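Engineer: Just to be clear, the model below is a prediction. Sequence and coordinates:
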Amino acid sequence: MYKRTDGRKNDETRPIKMKVGVLKHADGSALVSIGKTMALAAVYGPRELNPRHMQESDRAIVQCNYTMAPFSTKERVRPGPSRRSTEISKVTREALEPALFLRDFPKTTIDVYIVILQANAGTRTAGINAASLALADAGIQMRDLVTSIAAGKIEGHYMLDLNGDEEEETDCDLPIAYMPREKKFTLIQMDGNITKDDMKQVIKTAVKGCETLYEHQRKALREKWSKEGFE
Amino acid sequence: MNIQTKYIISSLSKGTRLDGRKPEEHRKIEIEIGPIEQAEGSARVRMGGTEVIAGVKMNAGEPFPDTPNEGVLMVNAEFSPVASPEFELGPPRESAIELARIVDRGIRESHCIDTKKLCIKAGEKVWMVMVDIQPLSQDGNLIDASGIAAITALKAAKMVKYEESEDKVIYEKTEHSVPLTDIPVPVTFGIIDNKLIVDPDLDEEESMDGRLTMTTNEAGNICAIQKGGICSLTMEMIEEAAEISIKKGKEIRALIKKSL
């Protein structure tokens, strides 16, 4: 049996911490840590979009930026956009958009900023969890919360929420974003080399993880909003 | 919803598409080897009105510190306005970057390139294999056309010589091929009205909610997945896509082999 370096069960996530309303100036915000990975998200909007030629007359647009803080990894991350961060910004936006009612806010933008403060595998998924919470915290109506986590397969075992060491070992790295109530995937990516049946099992493993995250997200929202008397 | 989208959806409910294809049918794929003589390897791929050239260039450079005895693979895509009025000049934008990274991951993660064989002197000099993708006509599904062109160009490529005493590359082709062990093939699905259509053309791309790409290898395994666009997927759709992409990948792989 494969022994995980941090002693977790195969279908167990790393320790999760979530808090919403962590930023004073953002309309919505959240801090999510999963193991050592730490993602901060801020949401502004819906607000007027400038320049105006970017406006969509029948819906809001979502602008999303994913950035890694220079000090977030062992080797310093060079500031500024990279090919990787550009792609992650895009897939993150596309993971969040299906949950939003964009047609309710024509000509506006919803801006989502994600900063990875510390990185140890699963930064895009942590970023999506934080962004989804920040959208909810901003009071923007959503079809469902978007939850996100990766799973893989190591030495024949399906493994949830790979940490940095495990990412080197796994046959595949398969992050998903999932709306648990709708049972729908809004992000799916995979790198690796696995059979179709393995793919199915890895996805199922990740979905289980998303259900756990969903509870954490709801708890984090209740913690802030029940105190402030929002029904 | 515009009229074209409505028409596409109503056709699909009857099992056909605007150009008469079935949902699981690719457009005709034509592959031409070596259109660019000065590249180490090149391929031109036509899929209906979509056309892409991929070229392989090689250079000797320093390895990455964490893989001192492995060569380097780079895939880049440049969307020039020659291919579409929608493309603009300037550095690659998000869609070109995403395309290059999907093709890159398909090749890298299938481990079809033996990067250890691309080492010249461990820790000092390795081969850098650069695959550049140049769309000539964007008529839908650039991802598959680019992926097929890239792997075919790599398959067709011949190594050049490295002169150690002068520390330079001599651009004279040898008989040695790039060390490749597999042919990963991407298959992209458009998602319209919660239905999957293989190889969406431009009209379908304009109407679709999103797309899903699955890259498969010779063994029928999946080596890369990417969802794009504002759509959400069910488990059933993902499983169906996996099944079809394995089958279609096999057909396209046979086509690539035949062309070589």
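Structural biologist: Nice, I can see it.
Engineer: in what helix or strand does residue B:205 lie?
Structural biologist: Here residue B:205 sits within helix B:202-207, counting by DSSP states H and E.
Engineer: what's the nearest residue to residue 49 if we skip its chain neighbours?
Structural biologist: As the question left the chain open, I've gone with chain A. residue A:109 (4.0 Å; Cβ to Cβ, 6 or more residues apart in numbering or on different chains). From N, CA and C alone the C-beta is placed, and that goes for glycine too.
Engineer: oops, chain B please
Structural biologist: residue B:139 is the one closest to residue B:49 (Cβ to Cβ, 6+ apart), at 3.2 Å.
Engineer: How about residue B:140?
Structural biologist: Nearest non-adjacent residue to residue B:140 (Cβ to Cβ, 6+ apart): residue B:201, at 3.7 Å.
Engineer: which ones are touching the one you found?
Structural biologist: B:18-19, B:27, B:48-50, B:139-141 (Cβ atoms under 8 Å, 6 or more residues apart in numbering or on different chains).
Engineer: do the same with residue A:26
Structural biologist: The contact partners of residue A:26, by Cβ under 8 Å, 6+ apart, come to A:42-44, A:134, A:138.
Engineer: how about TSV for the residues you listed, with pLDDT and secondary structure added?
Structural biologist: Shown next, in TSV, are these (pLDDT from 0 to 100; DSSP: H, G, I helix; E, B strand; the rest coil):
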residue	pLDDT	secondary structure
A:42	97	strand
A:43	97	strand
A:44	96	strand
A:134	98	helix
A:138	97	coil
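Engineer: Export those residues as a markdown table, with columns for neighbour count.
Structural biologist: As requested, the contacts of residue A:26 are arranged in a markdown table below (neighbours: other Cβ atoms under 10 Å in any protein chain shown):
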| residue | neighbour count |
| --- | --- |
| A:42 | 22 |
| A:43 | 30 |
| A:44 | 18 |
| A:134 | 30 |
| A:138 | 21 |
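Engineer: what's the neighbour count on the closest residue to residue A:59 other than its chain neighbours?
Structural biologist: Distances taken as Cβ to Cβ, 6+ apart put residue A:102 closest to residue A:59, at 4.2 Å, once the chain neighbours are dropped. Using other Cβ atoms under 10 Å in any protein chain shown, residue A:102 has 18 other residues around it.
Engineer: Surely residue A:102 and residue A:62 touch.
Structural biologist: Yes: Residue A:102 lies in contact with residue A:62 (Cβ atoms under 8 Å); the separation is 7.2 Å.
Engineer: who touches both of the two?
Structural biologist: Common neighbours of residue A:102 and residue A:62 (Cβ under 8 Å, 6+ apart) are residue A:110.
Engineer: can you list the residues of the stretch 101-250 of chain B near chain A?
Structural biologist: Counting by Cβ under 8 Å from any Cβ of the partner chain, the stretch 101-250 of chain B comes close to chain A at B:101, B:105, B:108-111, B:210, B:212, B:217, B:220-235, B:238-239, B:242-243, B:246.
Engineer: Check those residues for burial and list the buried ones.
Structural biologist: Buried members of these, scored by 16 or more other Cβ atoms under 10 Å in any protein chain shown, are B:101, B:105, B:108-110, B:210, B:212, B:217, B:221-233, B:238, B:242, B:246.
Engineer: before we move on, the earlier item: ok, the residue nearest to residue B:49 touching residue B:50?
Structural biologist: Yes: the pair residue B:139 / residue B:50 is scored as a contact, 4.3 Å apart, by Cβ under 8 Å.
Engineer: Looking at these two, which has the bigger crowd around it?
Structural biologist: Neighbour totals were compared for residue B:139 and residue B:50, and residue B:50 leads with 24 against 20 (other Cβ under 10 Å).
Engineer: Which residues are in contact with that one?
Structural biologist: B:27, B:135, B:137-142, B:145, B:201.
Engineer: Try it again at 10 Å.
Structural biologist: With contact set as Cβ atoms under 10 Å, 6 or more residues apart in numbering or on different chains, residue B:50 has these partners: B:27, B:29, B:83, B:135-142, B:144-146, B:199, B:201-202.
Engineer: Please apply the same query to residue B:205.
Structural biologist: Contacts of residue B:205 (Cβ under 10 Å, 6+ apart): B:138-142, B:188, B:190, B:192, B:211, B:229.
Engineer: CSV please, covering those and showing secondary structure.
Structural biologist: Listed next are the contacts of residue B:205 as CSV, based on DSSP: H, G, I helix; E, B strand; the rest coil:
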residue, secondary structure
B:138, coil
B:139, coil
B:140, coil
B:141, coil
B:142, helix
B:188, strand
B:190, strand
B:192, strand
B:211, strand
B:229, strand
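Engineer: export those to TSV and tack on pLDDT?
Structural biologist: Output for those, formatted as TSV (pLDDT from 0 to 100):
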residue	pLDDT
B:138	96
B:139	97
B:140	96
B:141	97
B:142	97
B:188	98
B:190	98
B:192	96
B:211	97
B:229	95
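Engineer: From the contact counts, what lies against the helix or strand hosting residue B:131?
Structural biologist: Here residue B:131 sits within strand B:125-137, counting by DSSP H and E. Packing contacts for strand B:125-137, counted by 3 or more Cβ pairs under 10 Å, 6 or more residues apart in numbering or on different chains; DSSP states H and E, involve strand B:41-47, strand B:50-61, strand B:72-77, helix B:94-109, strand B:119-121, helix B:142-156, strand B:161-163.
Engineer: Show me the strands in chain A, by range?
Structural biologist: Shown for chain A, the strands assigned by DSSP state E span residues A:16-20, A:28-34, A:37-48, A:61-68, A:108-118, A:147-154, A:157-160, A:172-179, A:184-194.
Engineer: now the third one and strand A:108-118, what's the angle there?
Structural biologist: What that stands for is strand A:37-48. With axes from the mean of the first three to the mean of the last three Cα atoms, to 10 degrees applied, the angle from strand A:37-48 to strand A:108-118 works out at 170 degrees.
Engineer: residues of strand A:37-48 that come out buried?
Structural biologist: Going by neighbour count (16+ other Cβ under 10 Å), the buried part of strand A:37-48 is A:37-46.
Engineer: from those residues, which is closest to residue B:163?
Structural biologist: residue A:37 (46.4 Å; Cβ to Cβ).
Engineer: wouldn't that closest one be in contact with residue A:114 here?
Structural biologist: No: counting by Cβ atoms under 10 Å, residue A:37 stays clear of residue A:114, with 12.0 Å between them.
Engineer: Can you tell me how far residue B:161 is from chain A?
Structural biologist: With distances taken as Cβ to the nearest Cβ, to the nearest Å, residue B:161 is found 31 Å from chain A.
Engineer: quick one, what contacts the closest residue to that residue other than its chain neighbours?
Structural biologist: Leaving aside its chain neighbours, residue B:161 sits nearest to residue B:170 (4.5 Å; criterion: Cβ to Cβ, 6+ apart). Residues counted as contacts of residue B:170 (Cβ under 10 Å, 6+ apart) are B:160-163.
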